[in-house]
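**Q** predicted model and sequence follow; I will ask about them next.
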Amino acid sequence: MARLGVNIDHVATIRQARRGREPDPVWAAAAAELGGADVITLHLREDRRHIQDRDLRILRETVQVKLNLEMAATEEMVAIALEVRPDKATLVPERREEITTEGGLDIVGNRTRIEETTKQLREGGIEVSHFIDPVTEQVDASRATGADAVELHTGAYANAIDSESIDKEFRALVQAANVARTLELTLHLGHGLNYVNTTRVLAIPEIDELNIGHSIVSRAVFVGMTQAVREMKEIIVRG
Ligand SMILES: CC(=O)[C@@H](O)[C@H](O)COP(=O)(O)O
Ligand SMILES: NCC(=O)COP(=O)(O)O
């Protein structure tokens, strides 16, 4: 059964709306764990639009499950990761102007930098995942640059409107997952998954982890974080 990584970024988005102290992502992580989160995921962006350095440092001390740091492949973020030592690091692309992560990391076009970053993190005892589009060439390049895992970007599938497009994007995920499995990469999926579109994704064999954030935080606004996570876990358990 797939593990559930709960991304708490957007708890911090609400806090940053007033640049205040609440809601605290540290509280959110504990509540998510009480609901059954297997991993706590957070994205320390270069522009610090939501998660702050303080959040990461405290969460390293308080999180009882695995801690997954999403980060750009930059010297600044590598230094922070090697100091804080999350259990996992997921290399993601960043563009200041983006509203949210738009596409996967282009491993093929940035092999040297990604390989070096991946090596540095792994030598620091951190498991490395690459957040990539569900494209065979990117999966191959992730394996070739030393990744332990790939996280297939499910945004195109999640944002598809008509059934034909949804089916097309789903097939791309299935194909990329098959390549990842053949290359013995640990398989994660994430971005835009919610309480409606997750069930179909679970039909993909041997998914190790789903990373879900915005939808869980959105539901938590109404039912609380523990209950929102519990409801997503129930979906995963039902399969
Ligand atoms: C990589 C990914 O899809 C998300 O986990 C990422 O965190 C999105 O960035 P925002 O959280 O800033 O939307
Ligand atoms: N890497 C995907 C993630 O952590 C959560 O993405 P989203 O559910 O907030 O879109």
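**A** Perfect, I can see it now. Numbering: from 1, shown residues only. Ligands and ions are numbered 1, 2, ... in the order given.
**Q** ok, and the closest non-adjacent residue to the residue most central in space within the chain?
**A** Geometric centre of the chain, nearest residue: residue 211, 4.5 Å, by C-alpha atoms, centre = their mean. Once flanking residues are discounted, residue 211 sits nearest to residue 190: 3.3 Å by C-beta to C-beta, 6 or more residues apart in numbering. Using the backbone N, CA and C atoms, a C-beta is placed for each residue, glycine as well.
**Q** list the contacts of that neighbour.
**A** 5, 7, 131, 151, 152, 153, 154, 210, 211, 212 (C-beta atoms under 8 Å, 6 or more residues apart in numbering).
**Q** kindly write the ChimeraX command that selects the buried subset of those.
**A** Of the contacts of residue 190, the buried ones go into a single ChimeraX selection, burial set by 16 or more other C-beta atoms under 10 Å:
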select :5,7,131,151,152,153,154,210,211,212
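**Q** on that earlier part again, tell me if the host helix or strand of the residue nearest to the centre of the chain is near ligand 2.
**A** In the assignment (DSSP states H and E), residue 211 maps to strand 209-212. Yes: shown here: strand 209-212 in contact with ligand 2 (C-beta under 6 Å from any ligand atom) through 211, 212.
**Q** for the next helix-or-strand element following that strand, which helices and strands make contact with it?
**A** Sequence order places helix 214-223 as the next helix or strand after strand 209-212, per DSSP H and E. Contact partners of helix 214-223 among helices and strands, from 3 or more C-beta pairs under 8 Å, 6 or more residues apart in numbering; DSSP states H and E: strand 3-7, helix 9-16, helix 25-34, helix 225-238.
**Q** what's downstream of the longest helix seen in the chain, the next helix or strand?
**A** Using DSSP state H to define each element, the chain has its longest helix at helix 163-182. For helix 163-182, the following helix or strand on the C-terminal side (DSSP H and E) is strand 186-190.
**Q** near ligand 2, which residues of the protein show up?
**A** Checking the chain against ligand 2 by C-beta under 6 Å from any ligand atom, the hits are 7, 41, 131, 151, 190-193, 211-215.
**Q** adding pLDDT, write the residues you listed out as TSV.
**A** As requested, those are exported to TSV (pLDDT from 0 to 100):
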residue	pLDDT
7	98
41	98
131	98
151	98
190	98
191	98
192	98
193	98
211	98
212	98
213	98
214	98
215	98
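**Q** gap between the residue in the chain sticking out farthest from the centre and residue 92?
**A** In the chain, counting by C-alpha atoms, centre = their mean, residue 164 sits farthest out from the average C-alpha position, at 26.3 Å. Separation of residue 164 from residue 92 (C-beta to C-beta, to the nearest Å): 29 Å.
**Q** still on that earlier bit, please name the residues that touch the residue nearest to the centre of the chain.
**A** By C-beta under 8 Å, 6+ apart, residue 211 lies in contact with 5, 7, 39, 41, 68, 90, 151, 188, 189, 190, 191, 193.
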